[in-house]
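1. Only the shape, not the letters, is given here:
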């Protein structure tokens, strides 16, 4: 049985683990490492430290399926809908650019529930707070080092973290990249954003008519005076749940890409009051929250992906080392599905060669 390490417990990593389990079953022993304290990656659902009831999506907000992807990835969408992980988005959305034939979906339990579903299906051994620092080739295996100081060996490795973090890894990876591959990876670019989650006590009403609203969209007539905020949502309305009445509502704010780029090197504690000040201008009279959580997404959405490398990049075929994620496709649910499917194809080809 081949021992496979997937680095990153986000959407691509969880999908890779799930697809490998379903297609290769007893041929692989799957292990997933993530440096964070929870799974989800950029599909992160956060809670304040003193609450088990509040929750807020501080990363991806919903999933948009184009007509084409709804057909080509129909089995995955059907699985998530039938299990209750996803449901159609039916709240009032202001400033949303509509796409013909597209359907939007939300996760009633938070976006991280999508990732957790695939991790459960994968039956992988999940280890959180496992921060990978280096990769070293040891004959027919990879020795993977962690920040904690220890290491383990695996027959195959899939790296699904953002490309700049891949390039920071110590060891043999950089020496094995071709000049073309280095150029391709160096050209990947991401937007940066800050996200704020505001948690309110039970009984509070967020007095706005919508469930979510986009700002600074000059094509929709909803442009605001603020250049820092691009999106605000009332979580329980967006999800279509009654959680706001039971445990108090949550409000999520995403900053614009230009604001994120301007302030990306600043501490989130310094940026939080700036965003709150702008939020109070947009929503005057907003009740006082009982908790606030600010998160900096240094690597938010992919602006420039790897060219001519759909889905993944094979660094070495034996022992197999693959880079994957939305940087090798595009930054949405279906982009991660495409990447995971291409990783599965690479594993199948590798297994056939080595049999």
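-> Noted; the coordinates are in hand. Here the structure is a predicted model, which is why all the values come from computation and not from measurement.

2. any weak-confidence spans in the stretch 1-150 of the chain?
-> 49-53 (pLDDT under 70).

3. can you map out the helices along the stretch 251-355 of the chain?
-> If DSSP state H, counting those that start in this stretch is used as the criterion, the helices of the stretch 251-355 of the chain fall at 257-263, 268-282, 333-354.

4. nearest spatial neighbour of the residue most central in space within the chain, skipping sequence neighbours?
-> Centroid-nearest residue in the chain: residue 42, 2.4 Å away (criterion: CA atoms, centre = their mean). Spatial nearest neighbour of residue 42, chain neighbours left out: residue 59 (4.3 Å); criterion: CB to CB, 6 or more residues apart in numbering. (Glycine included, C-beta is placed from N, CA and C.)

5. How many residues are close by the one you found?
-> Other residues near residue 59 number 22, with proximity taken as other CB atoms under 10 Å.

6. Just say helix, strand or coil for it.
-> At residue 59 the chain is in coil, as set by DSSP: H, G, I helix; E, B strand; the rest coil.

7. show me what contacts it?
-> 40, 41, 42, 43, 44, 111, 195, 297 (CB atoms under 8 Å, 6 or more residues apart in numbering).

8. out of these, who has the most neighbours?
-> Ranking these using other CB under 10 Å puts residue 111 first, with 29 neighbours.

9. Distance of the closest residue to residue 256 other than its chain neighbours relative to residue 284?
-> Leaving aside its chain neighbours, residue 256 sits nearest to residue 230 (4.1 Å; criterion: CB to CB, 6+ apart). To residue 284, residue 230 is 19 Å away according to CB to CB, to the nearest Å.

10. quick one, which of those two is more surrounded?
-> residue 230 (22 against 7).

11. you'd agree the more buried one is in a strand?
-> Yes - assessed by three-state DSSP, residue 230 belongs to a strand.

12. quick one: pLDDT of it?
-> pLDDT for residue 230: 96.

13. ok, now which ones touch it?
-> 214, 215, 216, 217, 254, 255, 256, 257.

14. between these, which has the most around it?
-> Top of the contacts of residue 230 by neighbour count (other CB under 10 Å): residue 255, with 29 neighbours.

15. so where does the nearest residue to that one once chain neighbours are set aside fall, helix or strand?
-> Closest residue in space to residue 255, ignoring its immediate chain neighbours: residue 194 at 4.5 Å, by CB to CB, 6+ apart. In this assignment (DSSP states H and E), residue 194 forms part of strand 193-199.

16. tell me the mean pLDDT for the next helix or strand after that strand?
-> Downstream of strand 193-199, the first helix or strand assigned by DSSP H and E is strand 212-214. The average pLDDT within strand 212-214 is 96.

17. Show which residues not belonging to strand 212-214 make contact with it.
-> Taking CB under 8 Å, 6+ apart as the rule, strand 212-214 contacts 61, 91-97, 220, 222, 230-234, 237-238.

18. Can you give me the separation between the residue nearest to residue 321 when sequence neighbours are not counted and residue 135?
-> Closest residue to residue 321 apart from its sequence neighbours, by CB to CB, 6+ apart: residue 315 at 4.4 Å. Using CB to CB, residue 315 is found at 9 Å from residue 135.

19. Any chance of the helices of the stretch 251-355 of the chain in JSON lines with distance to residue 12 as columns?
-> JSON lines is the format used below for the helices of the stretch 251-355 of the chain (distance: least, CB to CB, whole Å):
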{"stretch": "helix 257-263", "distance to residue 12": "22"}
{"stretch": "helix 268-282", "distance to residue 12": "25"}
{"stretch": "helix 333-354", "distance to residue 12": "4"}
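
20. out of these, nearest to residue 250?
-> helix 268-282 (13.6 Å; CB to CB).

21. Next, the buried residues of that closest one.
-> 271, 272, 275, 276, 278, 279, 282 (16 or more other CB atoms under 10 Å).

22. And for stretch 111-131?
-> Neighbour-count burial for stretch 111-131 [16+ other CB under 10 Å]: 111-119, 121-122, 124, 126, 130.

23. Pull the distance from that stretch to the chain's centre.
-> Distance of stretch 111-131 from the chain centroid (CA atoms, centre = their mean, to the nearest Å) equals 12 Å.
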